[in-house]
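Student: could you look at this predicted model? Sequence included:
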Amino acid sequence: MNLARYVISLFVILSLNFAIPRAMPGDTMTNLLGEDVILDDTLVQEIRREMGLDLPLREQYLMYWKDIMHLNLGYSYHFHSPVLPLVLERMKWTLLISAPPLIVGAVLGTLLGALAGWRESMRSRLQTLIFLIIYSTPPYFLALMSLYIFGFQLGWVPMKGFYTTGSAGNIIHHIILPVVLMSLFSASRNYMIMRGSVIQERQMLYVLYARAKGLYDSQILFRHVFRNAALPIITLVALDFGFIFSGALFIEMVFSMRGMGNLIYSALLYRDYPVLQGSFLVITLMVITANVVADVIYGILDPRVRGR
Amino acid sequence: MSCNISAPKRSPRYIPGALIFLTFLLMAVLAPYIAPHDPWKRYEPYLGPSWIHPLGTNDMGNDILSEIIFGSRVSLSVGLGSAIISTLIGTIIGASAGYFRGWVDDMLMGITDIFLMIPQIPLVIVVAAFLKPSPIMITLIMGLLWWPSLARIVRSRVLQVREMAFVGAARVIGFSDRHIILTDVLPNTIHVIMPKFMLTVASAMIAEASLSFLGLGDPNAKSWGMIINFAFSRGGFLNGYWWWYMPPGICITLSVLSLVSMSLLLERDQVSEHVTS
């Protein structure tokens, strides 16, 4: 059942990708090639024929699927490269700064959020306020501020890029600030959800019963409440993957890192549509994959689903 | 079970958030009257803060404080506009799915799940790149994309409400489905819609600021994100002109913060009410 859902999603998204350049105002060929491509008339006709743009839409659609099956996402005239290898090369780097935060953020956010929802104190209020502020700030603005403070003023971290020498230590030095920032963002989202979830759970009867049974407070929280409250988080983390990834795009632009974010930024500057669409497609694919993985994990953890 | 007896709806905890948001709202409405200068008029560029220009001037010589005051108009209207559109869509879809159930539910929720999985910011970037960006365009794109999570929330609430006795009574009397949804079901759903609406305004404002930062906004429409974008790309940042890039960022954070905090409080009061009732 779920698998069917993902296949349909994939189908719809790929079709959307076909429809966008054709439905948007302007010449379809420009929309497919990008706006900094300047060609003379005979070449235009030739490419138009080659791309099948004079065929009926139905056949273009079939051609589009054939290309997708051959992993052909088009050619970027701006970068002089097929789109897919270009995107994958950049993707590695973006994953490097967005995958660790996804995990750190999930662990940190759920733990702190659960504790804050369980007992209110001066400290937990302050903590909630800090996470709220992070939650409410556009990622790139926080990145700008911290780059200014830690990079420009204090000189603790390099101002730009992924590496200068390429050694592991050097790369870590470059990505540490972006990773910390992204982790805080990811944590702030999970924190808010987990806190609300625990506040709701702690009013349930089983909590009262556990207390009447004489369990310690921490036992109730971590053995019972946490498990129930954390389940929805798994699905949310997967759905959040798209958000975290988008956040990484902006943070890359601020830190001038040559990942997907910068690719999208320069593709935007030159209106290089194939790259924009290819990036969108690859990101969507990753989000769908993350959701499938989350479903599997959910199935393992939740006995109700496992039993089915 | 729960010890706190139905928290009063208008508790003082709402006051800070509401006050901040009202201030920004007033700022947007009264912009032409309270801005010290015309934000499009040119003075000497790169001035520091002074009595005449409290936040200095930018590279074009525009008064930054006036820009920020006028910027509240773009940022708030994009946020509110797209939230209104997406809330309407989400409510209609969620309420129909929950009320009619059956194949309507399956179909609508199937569509919702697909939309839920599309990474929204990248899609907005792609679509906005093709179109000539303007605040109205961005409001529309986001409004048409932001509804799925609300639709899910509304649906699960409507599934509860439709089983309540008064809905059954209305059905027995013979009111039409439309009438029942509008007068019986939705009024009992509004308290789950409101907090989500505020969150949507907040995230739309952040998204608008992010898109403007990418240069996907209208460069002539002064929004907070656009001011930061120019401060970043035209040297305000590297020269340490904090009065240029800090205030618009603080405005975004404060207004989003006020919305999110009010939304959280609403949601929490609703939880305790739900439990005690």
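Tutor: Noted; the coordinates are in hand. Please read these numbers as outputs of a predicted model, since none were measured by experiment.

Student: tell me the contacts of the closest residue to chain B within the stretch 201-308 of chain A?
Tutor: Here the residue of the stretch 201-308 of chain A nearest chain B is residue A:242; by CB to the nearest CB that distance is 3.3 Å. Where C-beta positions appear, they are placed from N, C-alpha and C, glycine not excepted. Contacts for residue A:242 (CB atoms under 8 Å, 6 or more residues apart in numbering or on different chains) come out as A:283-284, A:287, B:117-122.

Student: secondary structure element for it?
Tutor: helix A:226-254 (DSSP states H and E).

Student: after that helix comes which helix or strand?
Tutor: Criterion used, DSSP H and E; the element after helix A:226-254 is helix A:260-269.

Student: in terms of secondary structure, what does that following helix contact?
Tutor: Counting contacts by 3 or more CB pairs under 8 Å, 6 or more residues apart in numbering or on different chains; DSSP states H and E, helix A:260-269 is packed against helix A:83-118, helix A:226-254, helix A:273-301, helix B:120-130.

Student: gap between the third one and the chain center?
Tutor: It refers to helix A:273-301. In terms of CA atoms, centre = their mean, to the nearest Å, the centre of helix A:273-301 is found 9 Å from the chain centre.

Student: give me the mean pLDDT for that helix.
Tutor: Here helix A:273-301 scores 84 as its mean pLDDT.

Student: list the buried ones in that helix?
Tutor: Burial within helix A:273-301, assessed by neighbour count using 16 or more other CB atoms under 10 Å in any protein chain shown, is assigned to A:273-284, A:286-288, A:290-291, A:294-295, A:298.

Student: out of the residues you listed, who's near chain B?
Tutor: When the buried residues of helix A:273-301 are checked against chain B using CB under 8 Å from any CB of the partner chain, the ones in range are A:273, A:276-277, A:279-280, A:283-284, A:287-288, A:291.

Student: any idea how far the residue of the stretch 201-308 of chain A closest to chain B is from residue B:232?
Tutor: 25 Å (CB to CB, to the nearest Å).

Student: likewise residue B:203?
Tutor: 22 Å.

Student: of the two, who's got more company?
Tutor: Neighbour count, other CB atoms under 10 Å in any protein chain shown: between residue B:203 and residue B:232, residue B:203 has more, with 24 against 19.

Student: buried by neighbour count: which residues of the helix or strand containing the more buried one qualify?
Tutor: Assignment of secondary structure by DSSP H and E places residue B:203 within helix B:190-213. By 16+ other CB under 10 Å, the buried positions in helix B:190-213 come out as B:191-213.

Student: kindly export the next helix or strand after it (C-alpha atoms) in CSV.
Tutor: Next helix or strand after helix B:190-213 toward the C-terminus (DSSP H and E): helix B:224-233. In CSV, the C-alpha atoms belonging to helix B:224-233 read as follows (Å, rounded to 0.1, in the frame of the first residue of the first chain):
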residue,chain,number,x,y,z
TRP,B,224,13.0,42.6,4.7
GLY,B,225,14.7,39.7,2.9
MET,B,226,15.5,42.0,-0.1
ILE,B,227,17.3,44.5,2.3
ILE,B,228,19.4,41.7,3.7
ASN,B,229,20.1,40.4,0.2
PHE,B,230,21.4,43.8,-0.9
ALA,B,231,23.4,44.3,2.3
PHE,B,232,25.0,40.9,1.7
SER,B,233,25.7,41.4,-2.0
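
Student: and helix B:224-233, anywhere near chain A?
Tutor: Yes: under the criterion of CB under 8 Å from any CB, chain A is reached by helix B:224-233 at B:225, B:228, B:232.

Student: min pLDDT across those, which one?
Tutor: Lowest pLDDT within these is found at residue B:232 (83).

Student: that one contacts residue B:213, correct?
Tutor: Yes: using CB atoms under 8 Å, residue B:232 is in contact with residue B:213, at 7.3 Å.

Student: any idea how far chain B is from residue A:181?
Tutor: Using CB to the nearest CB, to the nearest Å, one gets 14 Å for the distance from residue A:181 to chain B.

Student: gap between the residue in the stretch 1-150 of chain B that chain A sits nearest to and residue B:36?
Tutor: Closest residue of the stretch 1-150 of chain B to chain A, CB to the nearest CB: residue B:119 (3.3 Å). Per CB to CB, residue B:119 is found 41 Å from residue B:36.

Student: try residue B:214
Tutor: Where residue B:36 is concerned, residue B:214 sits at a distance of 30 Å (CB to CB).

Student: these two: which is more packed in?
Tutor: Set residue B:214 next to residue B:36 and count neighbours by other CB under 10 Å: residue B:214 wins out with 24 against 14.

Student: for chain A, what are the nearby residues on the stretch 151-277 of chain B?
Tutor: B:202, B:206, B:209-210, B:213-216, B:225, B:228, B:232, B:237-238, B:240, B:245, B:249, B:252-253, B:256-257, B:260-261, B:264, B:267-268, B:271-272, B:275.

Student: next SSE downstream of the longest helix seen in chain B?
Tutor: In chain B, taking DSSP state H as the definition, the longest helix is helix B:64-100. Counting by DSSP H and E, the element after helix B:64-100 in chain order, helix or strand, is helix B:102-117.

Student: list the buried ones in that following helix?
Tutor: Here helix B:102-117 shows B:105, B:108-117 as buried, counting by 16+ other CB under 10 Å.
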